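Enquirer: 3D model of this:
(one chain, ligands or ions: 1)
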Amino acid sequence: MNTFSVLFITILGLVTGTQLWLTNRQHKRVCDHRDEVPSAFSDKIPLDAHQKAADYTLAKIRFERTDIIFSAVIVLCWTFGSGLEVLDTVWRKLEWSPVATGIGVMLSVFYISNLVDLPLSIYRTFVLEQRFGFNHTTPVTFIKDLLIQSLIAFIIGFPLVWLVLWLMQQSGQMWWMYVWMVWMGFSILMMWAYPAVISPLFNKFAPLDDSALRSRIENLLARTGFKSNGIFVMDGSRRSGHGNAYFTGLGTNKRIVFFDTLVNSLTPGEIEAVLAHELGHFKCHHIHKRIGSMATLSLIGLALLGWLINQSWFYAGLGISHPSDYTALLLFMLTMPVFGFFISPFMLYVTRKHEFEADNYAAKQADAKELIQALVKLYKENAATLTPDPIYSAFHDSHPPAPIRVAHLGSKL
Ligand SMILES: [Zn+2]
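Expert: Numbers count the residues shown, from 1 in each chain. Below is the predicted model:
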């Protein structure tokens, strides 16, 4: 234990306390508004749907509290509980090269972390989601998904970790600059390849080819000049009753994906409005901006690690007696989310701003009223709360809360 240990434990305690305080605020707010549908939605959402959304939100809050405490305990186990130290000692006994030992330790940490998280993930899917009728996943699909994810993590993780550790060892003091280049190249490659290569391993994607819709959509695409690999419907209902639409990919692989649950419940006019919103993300260059901020943050992070890696207090303060490139990397990955908690509201503020921009675009290219109707259906079917706590929302929501978003679109009518 040193000064850094005390600092880290203090910040971890502060972050965990803040997270729990936020869940209390959200819990109170949702409870207080459970008995009445907010006036802006009173003609659109019946009381029983509003109460189901409140109960679902409260159940998720209780789960989140467990998750917050669990995550803090896990970080403490890896560091002060000697988890990482023990694992490192076991792998070093094999007397492999530093890079090979590093790959072994890093992949072990990844798989152990996932295994430890498994009970929570099972509870979320088969108890929480099940209770509110959202779970469509069978245990067989759940296990199959886990096996495929583990295999992909190995196929991608092994060469990536090898390259990163090799660069750290071979490229001198400026290693973090080279690792940053590799990381950015890898991230951009994944963004490009993910929708075409990895997503189809989990879901089926069919072109959206409803004839009643087709002319509306082709019209919209023609007037917005959008060129893509297409608009797809994904069989999301195989795993969950939640519906959504999202944009993904880069360059020629960019596409817009609708969950089948969403397509089935929206009218053609509403689908057109949702599509216009997703096109808005492309037109306002949100993907490029996202890559830009990711590049900046990862460069700052790696530069910081470039300095930390030479500080003995960094290892000693977090329970590591034998400093190495891979333990520095692992300690950094374990502790950064704790420090990063305080920048998350700023990042989420930007993503919420992007949602408003995409909504503005949709209001121009399609009908804002149709988008409001589509969103209300989405809130209702996903049992999303209409009465979130503003501060909780600032720390959690990538999308503007329901009342604010609908009011914003209403001002465009
Ligand atoms: Zn959006």
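Enquirer: for residue 349, what are its contacts?
Expert: Applying C-beta atoms under 8 Å, 6 or more residues apart in numbering to residue 349 gives the contacts residue 394. To be clear about C-beta, it is placed using only N, CA and C from the backbone, and glycine gets the same treatment.
Enquirer: what helix or strand is it located in?
Expert: helix 344-365 (DSSP states H and E).
Enquirer: what's the angle between the lowest-mean-pLDDT helix or strand in the chain and helix 344-365?
Expert: One helix or strand of the chain scores below all others by mean pLDDT, DSSP states H and E: helix 211-224, with a mean of 83. On the basis of axes from the mean of the first three to the mean of the last three C-alpha atoms, to 10 degrees, helix 211-224 is oriented at 100 degrees to helix 344-365.
Enquirer: elements contacting the helix or strand that the helix holding residue 349 is followed by?
Expert: Later in the chain than helix 344-365, the nearest helix or strand by DSSP H and E is helix 368-382. Helices and strands touching helix 368-382, by 3 or more C-beta pairs under 8 Å, 6 or more residues apart in numbering; DSSP states H and E, are helix 47-78, helix 260-265, helix 268-283, helix 344-365, helix 402-410.
Enquirer: picking that back up, chain center to the helix holding residue 349, what's the gap?
Expert: Between the centre of helix 344-365 and the centre of its chain there are 17 Å (C-alpha atoms, centre = their mean, to the nearest Å).
Enquirer: pLDDT on it, on average?
Expert: Mean per-residue pLDDT for helix 344-365: 96.
Enquirer: then stretch 302-318?
Expert: 97.
Enquirer: likewise for stretch 287-296?
Expert: 94.
Enquirer: list the buried ones in that stretch?
Expert: Neighbour-count burial for stretch 287-296 flags 287, 290, 291, 294 (criterion: 16 or more other C-beta atoms under 10 Å).
Enquirer: any idea of the pLDDT on residue 196?
Expert: So, for residue 196, pLDDT stands at 87.
Enquirer: surely it and residue 249 touch.
Expert: Yes - here residue 196 reaches residue 249: they are 7.3 Å apart, a contact under C-beta atoms under 8 Å.
Enquirer: which one's more surrounded, these two?
Expert: Higher neighbour count among residue 196 and residue 249: residue 249, with 20 against 15, using other C-beta atoms under 10 Å.
Enquirer: what residues does that one make contact with?
Expert: Here residue 249 is in contact with 191, 192, 194, 195, 196, 228, 229, 255 (criterion: C-beta under 8 Å, 6+ apart).
Enquirer: pretty sure the fourth one is touching residue 256, no?
Expert: Pointing back at residue 195 there. No - Residue 195 lies out of contact with residue 256 (C-beta under 8 Å); the separation is 10.1 Å.
Enquirer: higher neighbour count, those two?
Expert: More crowded of residue 195 and residue 256, by other C-beta under 10 Å: residue 256, with 25 against 21.
Enquirer: give me the distance between the spatially closest residue to residue 347 that is not a sequence neighbour and the ion.
Expert: Once flanking residues are discounted, residue 347 sits nearest to residue 293: 7.3 Å by C-beta to C-beta, 6 or more residues apart in numbering. Residue 293 sits 16 Å away from the ion, going by C-beta to the ion, to the nearest Å.
Enquirer: can you say which helix or strand has residue 293 in it?
Expert: helix 286-308.
Enquirer: distance from the chain centre to that helix, please.
Expert: Chain-centre distance of helix 286-308: 17 Å, with C-alpha atoms, centre = their mean.
Enquirer: can you list contacts of it?
Expert: Under C-beta under 8 Å, 6+ apart, the answer for helix 286-308 is 173-177, 179-180, 183-184, 187-188, 191, 247, 250, 254, 281, 314, 328-329, 332, 336, 347, 350, 354, 357-358.
Enquirer: can you narrow those to ones near the ion?
Expert: Subset of the contacts of helix 286-308 in contact with the ion: residue 358, counting by C-beta under 5 Å from the ion.
Enquirer: filter the contacts of helix 286-308 down to just the ones in helices.
Expert: Members of the contacts of helix 286-308 lying in helices (criterion: DSSP state H): 175-177, 179-180, 183-184, 187-188, 191, 281, 314, 328-329, 332, 336, 347, 350, 354, 357-358.
Enquirer: quick check on those: which are buried?
Expert: 175-176, 179-180, 183, 191, 281, 314, 328-329, 332, 354, 357-358.
Enquirer: need the residues of the stretch 251-400 of the chain near the ion, please.
Expert: 355, 358.
Enquirer: what residue in this protein is the furthest from its centre?
Expert: The C-alpha centroid of the chain is most remote from residue 95, which lies 37.6 Å away (C-alpha atoms, centre = their mean).
Enquirer: relative to helix 344-365, how tilted is the helix holding residue 293?
Expert: Using the same axes, to 10 degrees: helix 286-308 against helix 344-365 is 170 degrees.
Enquirer: run through the protein and note the low-pLDDT ranges.
Expert: 229 (pLDDT under 70).
Enquirer: ok, back up a step: mind listing the shared neighbours of residue 195 and residue 256?
Expert: Contacts common to residue 195 and residue 256, judged by C-beta under 8 Å, 6+ apart, are residue 248.
Enquirer: now do the contacts for residue 141.
Expert: So residue 141 contacts 238, 239 (C-beta under 8 Å, 6+ apart).
Enquirer: just the element for it, please.
Expert: helix 139-170.
Enquirer: and that helix, how far out from the chain middle?
Expert: With C-alpha atoms, centre = their mean, you get 18 Å for helix 139-170.
Enquirer: flag every buried residue along that helix.
Expert: 157, 160, 161, 163, 164, 165, 166, 167, 168, 169.
Enquirer: CSV for these, including distance to residue 318?
Expert: Formatted as CSV, the buried residues of helix 139-170 follow (distance: C-beta to C-beta, whole Å):
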residue, distance to residue 318
157, 23
160, 24
161, 20
163, 25
164, 20
165, 19
166, 24
167, 23
168, 18
169, 21
